[in-house]
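Visitor: Fold the stuff below for me.
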Amino acid sequence: MNNDFSFTVKSSVFDENYNPSGNTRITTNFANLARGQNRQENLRNALTMIDNRFNALANWDNPQADRYAVELEIISVELDIEGKGNTFPVIEILKTNIVDKKSSQRIEGITGNNFSSYVRDYDFSVLLSEHNKDRTAFTTPDDFGDLHGKLFKHFVNSDVYKSNFKKSPVICLSVSSKNIYRRTGNQHPVLGIEYQQDEYSMTDHYFNKMGLKARYFMPANSVAPLAFYFTGDLLSDYTNLELIGTISTMETFQKIYRPEIYNANSAAGLCYQPSLNHQDYSLTRIVYDRVERSQLAVEQGRFTEENFIKPYKAILEQWSANYAL
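Guide: The predicted model follows:
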């Protein structure tokens, strides 16, 4: 197996002064929030929402609901395939850190949260489209997500990951609008009410190839369940504050990205099917261009095809065929 596959981790602070780098296109969701005339107000409002939600959930020994603040880092992961110093941006995740203003402690939070990937953009926006071009029924290729899953697992099991992050990643996404979720009798003090679905979504299958399994929880005073993707045991591997960091951050982003689901004016019931066509919802004061984001997914998929998939096709196929943990 080719042992030259090596990762480099770069970190940038995501705060109200965040400015997307002019020479990168990977920070798509965050760059979208950080542009325009009101960019700083946009960012400040989003970060205030995160802090307020964190304090609402971490309400013990917190009478003024102002004890904690959340700090965010954008983690960009680059891959050098041949060991020659030429890198390709493969993964972008988010890391939370929690500041306890009462004890003056800074607590390391969960790595993962948001998830962006050029190879995933290629798989969903280029490969799937071409695979189904002349088909009457939608299908996925047999090996759909295999390469991406192996690259992700290779990163999480690498010395680079282990030297930078203490715990396995947790990724928190929106639930699928194509599936029906049913409330269970299980309730966690922080994650909230657990939901289950009748079948896996395409995203669930895709993340399963990354070594991640899914559970769905609706925290207190939320209106829809969130999808949590993780290894190990979500409920016992992480502290309450770590989980609250992820919930407050990702629920805030989902309220911005998908207000029809996560900023709806009524909460999910016993049986719930999310819908982006839902009209009874409120908008945040934060501007987010969903059309641009969907266009960028296609652009980045094509970029990946030209600069990663095609040039390294033979190497990637050999590496993937021989890959084993």
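Visitor: What helix or strand is the most centrally placed residue in the chain located in?
Guide: Against the mean C-alpha coordinate of the chain, by C-alpha atoms, centre = their mean, the closest residue is residue 114 at 2.4 Å. In this assignment (DSSP states H and E), residue 114 forms part of strand 105-117.
Visitor: Tell me the helices and strands packed up against the following helix or strand past that strand.
Guide: Going down the chain from strand 105-117, the next helix or strand is helix 118-122, by DSSP H and E. Contact partners of helix 118-122 among helices and strands, from 3 or more C-beta pairs under 8 Å, 6 or more residues apart in numbering; DSSP states H and E: strand 87-100, helix 146-156, helix 290-304. C-betas here are computed from N, CA, C, even on glycine.
Visitor: Show the average pLDDT along helix 118-122.
Guide: The average pLDDT within helix 118-122 is 92.
Visitor: moving C-terminal of it, what's the next helix or strand?
Guide: Next along the chain after helix 118-122, taking DSSP H and E as the criterion, comes helix 128-131.
Visitor: Identify the residues contacting that following helix?
Guide: The contact list for helix 128-131 (C-beta atoms under 8 Å, 6 or more residues apart in numbering) reads 139, 140, 141, 144.
Visitor: what does stretch 257-267 give?
Guide: The contact list for stretch 257-267 (C-beta under 8 Å, 6+ apart) reads 29, 174-175, 177, 218, 222-224, 251, 254-255, 274-284, 288, 290, 293.
Visitor: rerun at 10 Å
Guide: Outside stretch 257-267, the residues that touch it by C-beta atoms under 10 Å, 6 or more residues apart in numbering are 29, 32-33, 114, 173-175, 177, 193, 218, 221-226, 250-256, 268, 272, 274-284, 286, 288, 290, 293.
Visitor: Straight-line length of it, end to end?
Guide: For stretch 257-267, the first-to-last residue distance is 18 Å (C-alpha to C-alpha, to the nearest Å).
Visitor: Buried ones in that stretch, by neighbour count?
Guide: For stretch 257-267, a neighbour-count test (16 or more other C-beta atoms under 10 Å) marks 257, 258, 259, 260, 261, 262, 263, 264 as buried.
Visitor: could you dump those residues to a markdown table with pLDDT, secondary structure and distance to residue 203?
Guide: What follows is the buried residues of stretch 257-267, written out as a markdown table (pLDDT from 0 to 100; DSSP: H, G, I helix; E, B strand; the rest coil; distance: C-beta to C-beta, whole Å):
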| residue | pLDDT | secondary structure | distance to residue 203 |
| --- | --- | --- | --- |
| 257 | 87 | helix | 14 |
| 258 | 90 | coil | 14 |
| 259 | 91 | helix | 20 |
| 260 | 94 | helix | 18 |
| 261 | 95 | helix | 14 |
| 262 | 95 | helix | 16 |
| 263 | 94 | coil | 21 |
| 264 | 95 | strand | 21 |
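Visitor: Could you tell me how far the strand holding residue 114 lies from the centre of the chain?
Guide: Remark: strand 105-117 is offset 10 Å from the chain centroid, using C-alpha atoms, centre = their mean, to the nearest Å.
Visitor: for stretch 141-160, same thing?
Guide: 16 Å.
Visitor: end to end, how far does that stretch reach?
Guide: 32 Å.
Visitor: same question for that stretch, mean pLDDT?
Guide: 94.
Visitor: Walk me through which strands the strand holding residue 114 pairs with, and which way each runs.
Guide: Strand 105-117 sits in its sheet next to strand 87-100 (antiparallel), strand 170-174 (parallel), going by DSSP bridges.
Visitor: ok, residue 152 - contacts?
Guide: 77, 90-91, 115, 117, 119-120, 145, 169, 171, 207, 209-212.
Visitor: Would you mind measuring from residue 145 to residue 206?
Guide: 5 Å (C-beta to C-beta, to the nearest Å).
Visitor: if you count what's nearby, which of the two comes out ahead?
Guide: Neighbour count, other C-beta atoms under 10 Å: between residue 145 and residue 206, residue 145 has more, with 23 against 20.
Visitor: how about that one, what does it touch?
Guide: By C-beta under 10 Å, 6+ apart, residue 145 lies in contact with 119-120, 123-124, 127, 152, 202-203, 205-210.
Visitor: Next one, pLDDT for residue 33 please.
Guide: The model reports residue 33 with a pLDDT of 68.
Visitor: And residue 25, by the same measure?
Guide: Note on residue 25: pLDDT of 50.
Visitor: With residue 253 instead?
Guide: Here, the pLDDT recorded for residue 253 equals 91.
Visitor: by contact count, what packs against the helix or strand residue 206 falls within?
Guide: Using DSSP H and E, residue 206 sits in helix 202-208. Here helix 202-208 touches helix 118-122, helix 146-156, strand 170-174, strand 213-218, strand 226-230, going by 3 or more C-beta pairs under 10 Å, 6 or more residues apart in numbering; DSSP states H and E.
Visitor: Of those, which is nearest residue 135?
Guide: Ranking these by proximity to residue 135 (C-beta to C-beta) places helix 118-122 first, at 19.2 Å.
Visitor: Put the alpha carbons of that closest one into CSV.
Guide: Output of helix 118-122 as CSV, limited to C-alpha atoms (Å, rounded to 0.1, in the frame of the first residue of the first chain):
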residue,chain,number,x,y,z
TYR,A,118,-14.4,18.3,-1.8
VAL,A,119,-14.6,14.5,-2.5
ARG,A,120,-18.1,14.4,-1.1
ASP,A,121,-19.0,17.3,-3.3
TYR,A,122,-17.6,15.3,-6.2
